Every structure is written in structure tokens, then in C-alpha cells.
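Enquirer: Please find the sequence and the predicted model below.
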Amino acid sequence: MNELARPIAETDYPLLSVFWTMLWFFLWVLFLMLLFRIIADIFRDDRLSGWGKAGWTIFVIVLPFLGALVYLIARGKDMGERDLRASQKRDEQVRAYVREAAGTPGPTSTDELVRLAELRKHGDISEAEYQQAKTKVLA
């Protein structure tokens, strides 16, 4: 059988080799993502001085495996806390924007007058206090 007539499945690259190639490729991509995340965390940290940021960056770039391992051991817990704080801050900003955009109204003057009338009816406020608060609500 000549070379051109060979079936596609019958190649010189066995299935196990394909598996190992894919595994190494995904591990490489995972490691690159980890390095980018570490470098972003280095520059996000406000407590780290400029020299500290430069030192960690050089260490992670020159010796990537050792640098990433040492960074995760030395600063991994703080890295998670900074991510949590940043996430909470973004969440608060989104909620504030939604409240502002939606224009959530406060209690209306009608609701306020009904509440004042109930307070006067139960004797919690006097007639003079009721009239003063009513004038303030209607103004």
C-alpha cells in the first residue's frame, strides 16, 4: 500500500501522544494565566513599594516557575484577600449605579402624612408637632 492510500487513523502519532501533547499545552496555558494573574496582583497591591514591585516582577519574569511558587507561598493569602476586596468594591459600585439609574424613590409625601396621622391618633405626637411635621412634608 502506498503512502497516499493510508487511512487517516493509521498515522505515526498515536492517541496517547495526542493526549500528552494536549495535556502539556493546557498546563502551559494555565501557567501563563497564573503568571499574568500574579503580575496583575503585584501591581494592584498598594502596600508594596515600587522597589518591591520591581523586585517581584523581575523575579517572576526571570525565574517564572520558582518566582510563581515563591510568590504564591509568600503572598498567596493576601492575593486572595485583595481579590475579595476588589470584587466587593466592584459589586458595591454596580449596586450604587443600579440604584442611581433606577431612581428608587423614597417614601412619598402621602405615605409620610399617613404615618404622621397614625402617630397623632395613637398619641405619640401632639397636635402642634403634627401640624409642624405636616407643613414640613408638604413644603
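Expert: Yes, it's here.

Enquirer: Show me which residues of the longest helix seen in the chain are buried.
Expert: Using DSSP state H, we find that the single longest helix of the chain is helix 64-102. Residues 67-68, 71, 75, 79, 82 are the ones in helix 64-102 that count as buried (16 or more other C-beta atoms under 10 Å). From N, CA and C alone the C-beta is placed, and that goes for glycine too.

Enquirer: Those residues: which two are farthest apart?
Expert: 67 and 82 (18.3 Å; C-beta to C-beta).

Enquirer: Going along the chain from the longest helix of the chain, find the next helix or strand for me.
Expert: Following the chain from helix 64-102 toward its C-terminal end, the next helix or strand by DSSP states H and E is helix 109-121.

Enquirer: Which secondary structure elements does that following helix sit against?
Expert: When contacts are defined as 3 or more C-beta pairs under 8 Å, 6 or more residues apart in numbering; DSSP states H and E, helix 109-121 sits against helix 127-138.

Enquirer: could you dump the buried residues of helix 64-102 to CSV with distance to residue 53?
Expert: Converted to CSV, the buried residues of helix 64-102 look like this (distance: C-beta to C-beta, whole Å):
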residue, distance to residue 53
67, 13
68, 16
71, 12
75, 12
79, 14
82, 14
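
Enquirer: What about residue 41, how many residues nearby?
Expert: Neighbour count for residue 41, taken as other C-beta atoms under 10 Å: 20.

Enquirer: Now it. Nearest residue, chain neighbours left out?
Expert: Distances taken as C-beta to C-beta, 6 or more residues apart in numbering place residue 79 nearest to residue 41, at 4.9 Å, with adjacent residues excluded.

Enquirer: Run through the neighbouring helices and strands of the helix or strand in which residue 20 is found.
Expert: Using DSSP H and E, residue 20 sits within helix 15-44. Contacts defined by 3+ C-beta pairs under 8 Å, 6+ apart place helix 15-44 against helix 50-62, helix 64-102.

Enquirer: Spatially central residue for this protein, please.
Expert: Centrality entry for the chain: nearest residue to the mean C-alpha point is residue 87, 2.9 Å, by C-alpha atoms, centre = their mean.

Enquirer: next one: phi and psi at residue 122?
Expert: The phi and psi values for residue 122, taken as degrees, to the nearest 10, are phi -80, psi -10.

Enquirer: Since that was my last question, I'll sign off now.
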